[in-house]
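>>> My questions concern the predicted model and sequence given below.
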Amino acid sequence: MTLGLGFGAMNTGNNLVYLVFGMMLGLITASGVLSEMSLRGLETEWLFPSDLFAGQPATLRFILKNLKKNLPSVGLEIETAYKKGFFLYVPAGSHEILDIPFTPNARGKFTFQETKIETKFPFGFFRKWMFRESSQSFVVYPKINLDRRLETPGVPAEKNRSAQEKGRGDAYWQIRDFSHGDSPRQISWKVSAKQSRLMVRETERETDKKIFLSMGKKSRWTALSKEDLEDAISFAASLIWKNFQENFAVGFISDHLSVMPSRNRRQLKDILEYLALFDPASQASSKPHAPAPGSLDILDLWKINR
Amino acid sequence: MTRWDRVLRDSVWALCGFSLCALILTRELENFAAAAILTLTPLLYYFDRKERLPASTWAMNALILIDFAFAAGRFFYLKDSFLLIVADFLVFFMILKFAFKKDRNDFLQMIYLSFFILLSCSTLSLDFSFLASFILYILIVSWTLSVYQLSLSQASSDVLQPQENLPEIFQRLRHNAWMTLTLALVFAFIIFAFFPRMSVAVFQGAFLGPVHQTGFTEQVNLQQSGKIFRDPAVVMRVQVKSAQGQNGRGFLYLRGQALSNFDGKSWTAGERQAAQMVKENFKSKILQMGRSTSNRFQILSPDDRKAMKTFARMKLAESDFLKQTIFMESMDTSLLFSAPWAESVTAKIPRLAVYQDGTLSRPSEFKGRISYEVTSLIERPPTAVLQTGPAPKDLQLPYDSKSQDEEISKNLELPENSQKISDLALRIFSARDLPHAKAAKTEKYLRENYKYTLDLKAGDDPLNDFLFGSKEGHCEYFASAMVMILRSQGIPARMATGFLMDEKNSSGDYYTVRAQDAHAWVEALLGGFWVQFDPTPRASRFDLEKLSVWQKVRQKADYLNFLWISNVLGYDQELQEDAARKVIQKSSRLSIQVDHDLSDLRRKISVPWKKTLMYFFMVAAVGGLWAAKKILKSRTINLRGKGPEDKFYDEMLKLLERKGFPKEEGETPHEYRLRINGDLNEISSAVLALTELFCASRYGHVPLDSSQQNTIKTSLKNLRLYLK
């Protein structure tokens, strides 16, 4: 259109058409300059949720930082392998957040190699883009399905047994006078009111609920079909997750990871991460773990619960 | 409808409405088209806001096709002006777009349409109002295109950023619009000033603009004339190089033509012969395209000059010639106007017809707006020469007929029943008076005994009614009367028509000529020369001293128009080359001047220049290095994404890592803080303070003040003590 207008101006010699022709060129230049200004000085960062399970919707947080001191960035399209996002406005020297809904369909490690940032702002005459290398990765844990059968024969599921000593628990142990250092939470206000002095209610310590799971022999896992392997891993993850939620101390042993029963969330993440990345076919050979006393074989449990 | 959609809708409406208003401002649009714009646009906008417009694409397309067919019909069958047809077509196209429900594609089409309307304005606009329209259009179109683009990008994206900062975005769009305007104006100026004017003129004839009906006709009918004297439209602007008026009267006559045949009611030129002056029309021999270039047509030949000097004892000095630059609007006549006795004409026309009565005419295909230069002789033969009677027949004088007998007899013809006029003539002057005295006495008599009026009731015999009845009339009556009186006494005379310019624009030192300045006067053949007489009394002429405020404002506005016409619309290849030459000359003069001044300065001040310059450059180099270091430092900070203020956070991380709390990859500062919070309750407040200050300085680019620096020191001290 601009070229046509230039020809029209030359043909007619109309000076006002020359002005309009100049305006068109000015608009094209402004479009190029403004889109370039929008794309300059940008930095990206991904934030992934700490627990991400296959099949469960989650939110990936994309942070776009505008490092320019005075110029904001406008109209930026973000293209990832999963979704297209749009930043309308990123103020100068600031950052904006885009929460991208994401439902991973399989366990494993996901890596964002690069993110494409594109803009057609301001007039759509040009499409400019740039790639931002990120190489940030996150691990998707196996699918958790608490609706399936997750029975663990031999593991006490009833109320915890008492340990015959005071400690944390629900059962009554004794009432005594308040002394310095006692937690105010332990004060029994009802009794204190009756006795007209501060009295403390102590409970009996309960023994820990615990479950110790073992991956068993690697050869048994390699013999499984792909579907069965995924189902068994999902079963293991679901079982571990369920027990952890029920306040069990969860222990785990495999060729590469061995953790004693604990309620530490960090340890749970280690186990889930191990399961997420578990691939019997490609795992480097290491010394098989010795059978742990009292441990339950995951594959055996899986077969029982199928 | 989202807020963003509403903004887009209103922006597109504003853009389209504005472009239509710009079209109205050109004052070339038909009345019905302007009325349609002014009534339908607000009405349809109201219905669009209420979402009550019909959604029927086929109906809209059918009506657009009808609009197109109508425009094509006007072009091919009615032969209307192409540019006006296009403007009308675009107006109704836009109104049809207004009238139906619109989606995003329709909005884009409307933006394009608005651009074509602006283009149409550029082809129709005749005054500087286009500049205002042009500037405002750029601002609005920049805003609207940005809004459209953002709206489109949002629609095609899966995830959108929460829109909490719309006012900031709109402010940014406003800034962008101003920046776009600046760039567009810079480019427009560069293209305008330096882009070569080639005017290849392919299909030029098809794109002629509208021709204005001024009412100036090539024949004068006393019963129908008069309308033109009430029309204030500007028909031309004239710059004169010499401020001298003609005949010492302070008025300048712009002669168009001479009329010789009078039948008692109307004047016509009658049969006349023209000498065609043809110039080379093709500047480019290769392209062989019709490029109109400036040509000079010499009317007064060296022989003419010689005859005038010898016979009429005229000096013909340089100061006796008046140079006029005339910017004529498009008029429905091919005549070229100039002060009488034109010596030469310079115009962008390939041919000039010079009639035997001195009338100048351009080719009919060049009827549009034109600017040309005319040099006229303002010196007149001495009265003694004019009183000598007819010139010798063998002497060929300029501004006279080449076939004198025929011309004389034509200009002595009288209508029937002219005995009363002859009687009147003998009452005005004596039969023994010399012709020049007779003419002067008649001029004086009519001026003193007759009144000027435009309110006429023309009868069947308008001239006799004027002379012997009402004794009131306008210039055409006065001129007709004087011509007939002179002819009745054997003095050849004719009516000359044109314009009388006396409205001087003090701001621009030029004359504004309006349609109402049309005038008729008398030319009588005296001593071999056609001498000018004006028997019309001067009625309410322009007085520069008694201008009202409104008239002064109008003068200023007209001056802007004049500048626009002479410098913008009239900017052509010659002016371009002229400007380039001037720039080169001035720059070389400036450089010589600067050299001269510098050497003068060196002579006056005995300073060791070489040493001073060396010191200066050394200081500049040190300063430059220091500035570069600063810039590099700030760049490095940006590239690394970390500044020196972040060191305290690194130290905190090191301390915590030593105690078994490493920060994980991909973990945000606050996520990390929350994770270790449970295990390190006692120092949580210190960790919180350091994390928040880090985030503020790292991501918010907030510089840390002294109290915050103290907080950092205290918190780190606490951390060190606890983690020891």
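Received the coordinates, thanks.
>>> Next one: the residue lying closest to residue B:378 once chain neighbours are set aside relative to chain A, how far apart?
Closest residue in space to residue B:378, ignoring its immediate chain neighbours: residue B:322 at 4.8 Å, by Cβ to Cβ, 6 or more residues apart in numbering or on different chains. From N, CA and C alone the C-beta is placed, and that goes for glycine too. Residue B:322 sits 29 Å away from chain A, going by Cβ to the nearest Cβ, to the nearest Å.
>>> you'd agree residue A:95 is in a helix?
No - assessed with DSSP: H, G, I helix; E, B strand; the rest coil, residue A:95 is strand; it does not lie in a helix.
>>> quick one, helices of the stretch 351-500 of chain B?
Here the stretch 351-500 of chain B has its helices, by DSSP state H, counting those that start in this stretch, at B:383-386, B:404-410, B:419-428, B:435-449, B:462-464, B:475-488.
>>> Looking at the ones you listed, which is nearest to chain A?
Chain A lies closest to helix B:475-488 among these, at 36.9 Å (Cβ to the nearest Cβ).
>>> which ones are touching residue B:533?
B:439, B:440, B:442, B:443, B:482, B:521, B:522, B:523, B:524 (Cβ atoms under 8 Å, 6 or more residues apart in numbering or on different chains).
>>> 7 Å - rerun?
Residues near residue B:533 by Cβ atoms under 7 Å, 6 or more residues apart in numbering or on different chains: B:439, B:443, B:482, B:521, B:522, B:524.
>>> Show me the two of the residues you listed that sit farthest apart.
Using Cβ to Cβ, the contacts of residue B:533 span at most 11.8 Å, a distance reached by B:439 and B:521.
>>> quick one: which of those two has more around it?
Using other Cβ atoms under 10 Å in any protein chain shown as the criterion, residue B:439 and residue B:521 rank with residue B:439 on top: 27 against 24.
>>> any weak-confidence spans in chain A?
Low-confidence segments of chain A (pLDDT under 70): A:11-13, A:154-165, A:205-208, A:283-292.
>>> Identify the residue nearest the geometric centre of it.
Most central in chain A under Cα atoms, centre = their mean is residue A:49, positioned 2.7 Å from the mean C-alpha point.
>>> for that one, phi and psi?
The phi/psi pair for residue A:49 (degrees, to the nearest 10) reads phi -70, psi 150.
>>> Can you give me the distance of it to residue B:667?
According to Cβ to Cβ, to the nearest Å, residue A:49 and residue B:667 sit 11 Å apart.
>>> show me the contacts for residue A:224.
So residue A:224 contacts residue A:232 (Cβ under 7 Å, 6+ apart).
>>> ditto for residue B:262
B:415, B:480 are the contacts of residue B:262 under Cβ under 7 Å, 6+ apart.
>>> and it, backbone torsions?
Per-residue torsions, residue B:262: phi -130, psi 130 (degrees, to the nearest 10).
>>> so it bridges to which residues?
Beta-bridge partners of residue B:262, counted by DSSP bridges, are residue B:267.
>>> And the helices in chain A?
Assigned by DSSP state H, the helices in chain A fall at A:2-12, A:15-39, A:189-195, A:218-222, A:226-245, A:265-277, A:298-305.
>>> Likewise for the stretch 151-300 of chain B?
B:166-194.
>>> which residue ranges form the strands in it?
Using DSSP state E, counting those that start in this stretch, the strands found in the stretch 151-300 of chain B span residues B:159-160, B:220-221, B:234-240, B:252-259, B:261-262, B:266-268, B:274-278, B:295-298.
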